[in-house]
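Visitor: Sequence and predicted model, in that order:
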Amino acid sequence: MGGSWRLSAATRVPKIYDLERETITRLTSNPGGGNLVWAPDGKHLVFGNGGNLFWVRSDGVGGPQRLLNRPYSAAASFSPDGHSLAYFETTADTGFDLWVLPLDITDPDHPNAGTPQPFLRTSADEVFPQFSPDGRWIAYRSDESGNNEIWVQSFPDGAKSRYQISAGGGSYVLWSKNRRELFYETPDHRIMVVDYREDGDAFIAAKPRLWSERQIFYPGVWNLDLAPDGKRFAVLTAPDAASSGRSSFHVTMLFNYFDELKRMIP
């Protein structure tokens, strides 16, 4: 999520919704599947179409530029400096794996993509990599234990240290940009939060706790995003079953009032 902007791919065409003006801008006429990811400058983003990853300005000027063409790939997260794009792709021999695409953004409107580098390739499925705010860690989902769980691994030397974060399953993971908090969605579609700290090369995570009792709607795709202030989530809510005519999904801002109150009044 970039400030007052929100991305949408519900119609398979990348769009931006301006929260303040309540207007929608179509970025391209081309279909866009997979995840939509803001670049750190807030002026560019990446979207997927099949095995392709495209770079485009947030105002749509100039049209999309292809960064990558692989058998199947989906963008997930930028490093804080914008020079690395974490994504995942699938192959017949190892399933879903995590990769990092180097980017030269000297000219941000015309980036040059380097050679993709594998970050984590195992017999398990690893998906949805997310860079930490300081760029030292990547959080992701893996089914290596037999269940989908959230893990954190050091970057760029992924083999240096690795930690399981979730307990009882996890699907999507997000870092707070201004707090030492890591969020993930549970299998029953509730949001958990994990406080963490770093001690040298060690990542020390506290016990996960429930961030909100509210169950969010899961349509089979990524269904939440964290606001830059770290206090609100944009989530999908289910269509009103009682309404007549064509149903539609809505984006709702979800606040964690009680957790915020505890911070203000120890």
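Guide: Ah, there it is. Numbering: from 1, shown residues only.
Visitor: Could you use CA atoms for every contact and neighbour count after this?
Guide: Will do.
Visitor: Quick check: chain neighbours aside, which residue is closest to residue 125?
Guide: With Cα to Cα, 6 or more residues apart in numbering as the criterion, residue 125 has its nearest non-adjacent residue at 4.6 Å, and that residue is residue 96.
Visitor: mind listing the strands in the stretch 51-200 of the chain by residue range?
Guide: Under the criterion DSSP state E, counting those that start in this stretch, strands of the stretch 51-200 of the chain are mapped to 52-57, 65-69, 73-78, 84-91, 95-104, 112-113, 117-120, 126-131, 137-142, 149-154, 162-164, 173-175, 181-185, 191-199.
Visitor: Which of the ones you listed sits closest to residue 227?
Guide: With Cα to Cα as the criterion, residue 227 lies closest to strand 173-175 of these, at 10.5 Å.
Visitor: in stretch 98-108, what counts as buried?
Guide: Across stretch 98-108, burial judged by 16 or more other Cα atoms under 10 Å covers 98, 99, 100, 101, 102, 103, 108.
Visitor: Show me the beta-bridge partners of the residue nearest to residue 125.
Guide: Under DSSP bridges, the beta-bridge partners of residue 96 are residue 90.
Visitor: Tell me the spacing between it and residue 142.
Guide: 9 Å (Cα to Cα, to the nearest Å).
Visitor: Now list whatever residues contact both of these two.
Guide: By Cα atoms under 8 Å, 6 or more residues apart in numbering, residue 96 and residue 142 have these common neighbours: 124, 125, 126, 127.
Visitor: number of nearby residues for the third one?
Guide: Read it as residue 126. 27 (other Cα atoms under 10 Å).
Visitor: pLDDT at it, what is it?
Guide: Listed pLDDT for residue 126 reads 97.
Visitor: show me what contacts it?
Guide: Contacts of residue 126 (Cα under 8 Å, 6+ apart): 88, 96, 97, 98, 120, 140, 141, 142, 143.
Visitor: mind running it again at 7 Å?
Guide: 96, 97, 98, 140, 141, 142 (Cα atoms under 7 Å, 6 or more residues apart in numbering).
Visitor: again with the last one
Guide: With contacts taken as Cα under 7 Å, 6+ apart, residue 127 has the following neighbours: 88, 96, 97, 98, 140, 141, 142.
Visitor: circling back: between the buried residues of stretch 98-108, which is closest to residue 41?
Guide: Closest to residue 41, out of all of the buried residues of stretch 98-108 and judged by Cα to Cα, is residue 108, at 9.1 Å.
Visitor: For residue 82, see how far away that closest one is.
Guide: 10 Å.
Visitor: likewise residue 189?
Guide: Distance from residue 189 to residue 82, by Cα to Cα: 30 Å.
Visitor: Residue 37: how many residues sit nearby?
Guide: 22.
Visitor: Nearest spatial neighbour of the most centrally placed residue in the chain, chain-adjacent residues omitted?
Guide: The centre of the chain sits closest to residue 76, judged by Cα atoms, centre = their mean, with a distance of 5.2 Å. The spatially closest residue to residue 76, leaving aside those adjacent along the chain, is residue 87, at 5.1 Å (Cα to Cα, 6+ apart).
Visitor: The one you found contacts residue 72, correct?
Guide: No - using Cα atoms under 7 Å, residue 87 makes no contact with residue 72, being 10.3 Å away.
Visitor: Looking at these two, which is more packed in?
Guide: residue 87 (25 against 17).
Visitor: so how far is the helix or strand containing residue 48 off the chain centroid?
Guide: Assigned by DSSP states H and E, residue 48 belongs to strand 44-49. Relative to its chain's centre, strand 44-49 lies at 12 Å (Cα atoms, centre = their mean, to the nearest Å).
Visitor: Tell me where the stretch 151-266 of the chain has helices.
Guide: Per DSSP state H, counting those that start in this stretch, the stretch 151-266 of the chain carries helices over the ranges 257-264.
Visitor: Which of the contacts of residue 126 sits closest to residue 114?
Guide: residue 98 (16.0 Å).
Visitor: Run through the residues that contact the closest one.
Guide: Listed by Cα under 7 Å, 6+ apart, the contact set of residue 98 reads 87, 88, 89, 118, 119, 120, 121, 126, 127, 129.
Visitor: No further questions, thank you.
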